[in-house]
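Undergrad: coordinates only, sequence not included:
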DNA sequence: CGCCCACTTGGCACGATGTGCCATATTCAC
DNA sequence: GTGAATATGGCACATCGTGCCAAGTGGGCG
């Protein structure tokens, strides 16, 4: 643990110290490289290949990531990260909306690309999701990301609603599932990320269905 | 493809041909061995160790399973398998209950141990779930099993309700999530498998919450 | 400016993973 | 009983992931 290498002043809140920024940049560069290679050549890509293409030694690669597939996790996690942070943020305000609405709003915002950063992550996510049918290990990463977010979401919702633990668990799982399905469905189609069939609209619909009740369950049969 | 090695007569419907039964038994034996080792010694267990303990060569082990963690998949999948088969079965009958109720009923039955087989699988599942916090690869298998079941469930529900594809997708994901959470919650506690806090009761409650609407979402805040 | 210290990087060796290939043994069909 | 099909085992090999140590680099301080 680097014990927070305090930089000079406080005029720039928590400046991450050049070295830190380099590491972050390196990590992102590796992630981009890995995503590109996985997307275009499938599971066959070798860890060494990713490392060299990204311009680092194999040993360094494994200092940044536990497995070669883990390298794409930062890109897949961007949306989810912002979702949870946004949720925790807005619900902490005094004029916070009710939980259901807050979940939906935060999800919508997380999947509405604002800066180039978010837009880029969404593009990579889409490419990776399309490569997943042929690569179980990639799917595993995707599910791991959502497993982690489900746990975090649980914490936020517990603090927020103080409901029964099982209900909190179910709510977190439901919201998380809506998020996942929305992104998967969007990636499978060919709609723009900011269009009316973009992930933001899909997740809003899914979130309503999974928290307020599923439509169409008793269709033409029965 | 063995092109269905027809046995002698039809008095025993589709007899799986001795060799087939042996293979199935071997696979199950490997699965049990792997589960036991993972449960008691964590991620450190080696594939060779599993193979030897189960009484097969390492090479044979990898003919039955793609990775060493995959070896436990058959045990984790038993409950889910029966769930989906039961669902597809009962909903095919003329006096089938409405979809929501059918989902809940099938889930409840799948998690109510009847024969020794089901009871054994539940015990293994519980042990494995308790080992999962310390073993990402095991978690990955668990999530893969549920990923697969989500796809199958989608097919069943599509044929059953004929609803909008996205709604079908959401329903499958929701039901699947209820199943997963119920088993996880049960495994984390110390209730008997057939008691009032067993997985069957948990899944029923979860299934209602995720298909009809979440309770407690707007608790003490707002 | 120069020194030192902490930390990142790279190289190497090594056990473990997962697969292709071939030889052997067992089972099924006739 | 004989031959075809297939399950199993052994071996080699590329890749994975990690421990260990050496070299390079940046930041703090006199």
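TA: Good, I have the coordinates. Everything quoted here is computed from the prediction, not taken from an experiment.
Undergrad: residues of chain A that sit close to DNA strand C?
TA: Residues of chain A lying near DNA strand C by Cβ under 7 Å from any atom of the strand: A:2-3, A:19, A:22-23, A:26, A:55-60, A:63-64. Backbone N, C-alpha and C define where each C-beta goes, glycine included.
Undergrad: and the gap between residue A:113 and residue A:199?
TA: 9 Å (Cβ to Cβ, to the nearest Å).
Undergrad: need the buried ones from the residues of chain A next to DNA strand C selected in PyMOL.
TA: Buried residues among those (16 or more other Cβ atoms under 10 Å in any protein chain shown), as a PyMOL selection:
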select buried, chain A and resi 26+56+64
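Undergrad: what residues are up against residue A:180?
TA: Listed by Cβ atoms under 8 Å, 6 or more residues apart in numbering or on different chains, the contact partners of residue A:180 are A:146, B:173.
Undergrad: run the last query once more with 7 Å
TA: Applying Cβ atoms under 7 Å, 6 or more residues apart in numbering or on different chains, we find residue A:180 in contact with residue A:146.
Undergrad: on the three-state scheme, it is what?
TA: helix (DSSP: H, G, I helix; E, B strand; the rest coil).
Undergrad: pick out whichever of residue A:113 and residue A:199 has more residues nearby.
TA: The neighbour count for residue A:113 versus residue A:199, taken as other Cβ atoms under 10 Å in any protein chain shown, is higher for residue A:199 (30 against 20).
Undergrad: mind checking pLDDT for that one?
TA: Reported pLDDT at residue A:199 in the predicted model: 96.
Undergrad: separation between it and residue A:71?
TA: 23 Å.
Undergrad: count the neighbours of residue A:136 for me.
TA: For residue A:136, using other Cβ under 10 Å, the count is 16.
Undergrad: quick one: is the longest helix along chain A near DNA strand D?
TA: The longest helix of chain A (DSSP state H) is helix A:136-161. No. Counting by Cβ under 7 Å from any atom of the strand, no contacts exist between helix A:136-161 and DNA strand D, the nearest distance being 8.0 Å.
Undergrad: one step back: among the residues of chain A next to DNA strand C, which are within reach of DNA strand D?
TA: For DNA strand D, the contacts drawn from the residues of chain A next to DNA strand C by Cβ under 7 Å from any atom of the strand are A:19, A:58-59.
Undergrad: circling back to that earlier point, and the average pLDDT for the longest helix of chain A is what?
TA: Across helix A:136-161, pLDDT averages out at 96.
Undergrad: now it against helix B:136-161, angle please.
TA: Computed with axes from the mean of the first three to the mean of the last three Cα atoms, to 10 degrees, the direction of helix A:136-161 lies at 80 degrees from that of helix B:136-161.
Undergrad: what is helix A:136-161 packed up against?
TA: If you count contacts as 3 or more Cβ pairs under 7 Å, 6 or more residues apart in numbering or on different chains; DSSP states H and E, helix A:136-161 packs onto helix A:73-90, helix A:165-188, helix B:136-161.
Undergrad: distance from that helix to the middle of the chain?
TA: Helix A:136-161 sits 9 Å away from the centroid of its parent chain (Cα atoms, centre = their mean, to the nearest Å).
Undergrad: quick one, that helix and helix A:165-188 angle?
TA: 140 degrees.
Undergrad: just the closest residue of chain A to DNA strand C, please.
TA: Of all residues in chain A, residue A:60 sits closest to DNA strand C, at 3.0 Å by Cβ to the nearest atom of the strand.
Undergrad: which element, helix or strand, includes that residue?
TA: Using DSSP states H and E, residue A:60 maps to helix A:58-64.
Undergrad: need the contact partners of that helix.
TA: For helix A:58-64, contacts defined as Cβ under 7 Å, 6+ apart pick out A:27, A:30, A:47-48, A:50-51.
Undergrad: ok, those residues vs residue B:137, which is closest?
TA: residue A:47 (16.8 Å; Cβ to Cβ).
Undergrad: my guess is the closest one contacts residue A:68. True?
TA: Yes. Assessed by Cβ atoms under 7 Å, residue A:47 is found in contact with residue A:68 at 4.1 Å.
Undergrad: for those two, indicate the residue with more neighbours.
TA: residue A:68 (21 against 16).
Undergrad: pLDDT score for the more buried one?
TA: 97.
Undergrad: which residues does it contact?
TA: Neighbour list for residue A:68: A:47, A:50 [criterion: Cβ under 7 Å, 6+ apart].
Undergrad: about what we covered before: give me whichever of the helices and strands packed on helix A:136-161 is most buried.
TA: helix A:165-188 (a mean of 23; mean count of other Cβ atoms under 10 Å in any protein chain shown).
Undergrad: elements contacting the following helix or strand past it?
TA: Downstream of helix A:165-188, the first helix or strand assigned by DSSP H and E is helix A:199-212. The contact analysis (3+ Cβ pairs under 7 Å, 6+ apart) places helix A:199-212 against helix A:99-110, helix A:165-188, helix B:165-188.
Undergrad: can I get those helices in JSON lines including distance to residue B:143?
TA: Shown next, in JSON lines, are the helices and strands packed on helix A:199-212 (distance: least, Cβ to Cβ, whole Å):
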{"stretch": "helix A:99-110", "distance to residue B:143": "21"}
{"stretch": "helix A:165-188", "distance to residue B:143": "11"}
{"stretch": "helix B:165-188", "distance to residue B:143": "8"}
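Undergrad: take these and lay them out in TSV including distance to residue B:142 and mean pLDDT.
TA: Below are those laid out as TSV (distance: least, Cβ to Cβ, whole Å; pLDDT from 0 to 100):
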stretch	distance to residue B:142	mean pLDDT
helix A:99-110	25	96
helix A:165-188	14	97
helix B:165-188	8	97
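Undergrad: of those helices, which is nearest DNA strand D?
TA: helix A:165-188 (23.4 Å).
Undergrad: distance from the chain centre to the closest one, please.
TA: Worked out by Cα atoms, centre = their mean, helix A:165-188 lies 12 Å from the chain centre.
Undergrad: compute the inter-axis angle for that helix and helix A:73-90.
TA: 130 degrees.
Undergrad: next, the angle helix A:99-110 makes with helix A:165-188.
TA: Using the same axes, to 10 degrees: helix A:165-188 against helix A:99-110 is 30 degrees.
Undergrad: what's the angle between helix A:165-188 and helix A:199-212?
TA: 150 degrees.
Undergrad: rewinding a little: next step: the contacts of helix A:58-64 restricted to helices.
TA: A:27, A:30, A:47-48, A:50-51.
Undergrad: start to end distance for stretch A:33-52?
TA: This stretch, stretch A:33-52, spans 10 Å end to end (Cα to Cα, to the nearest Å).
Undergrad: flag every buried residue along it.
TA: Buried residues in stretch A:33-52 (16+ other Cβ under 10 Å): A:33-39, A:45, A:47, A:49-51.
Undergrad: that stretch near chain B anywhere?
TA: No. Judged by Cβ under 7 Å from any Cβ of the partner chain, stretch A:33-52 and chain B are separated, with a smallest distance of 11.8 Å.
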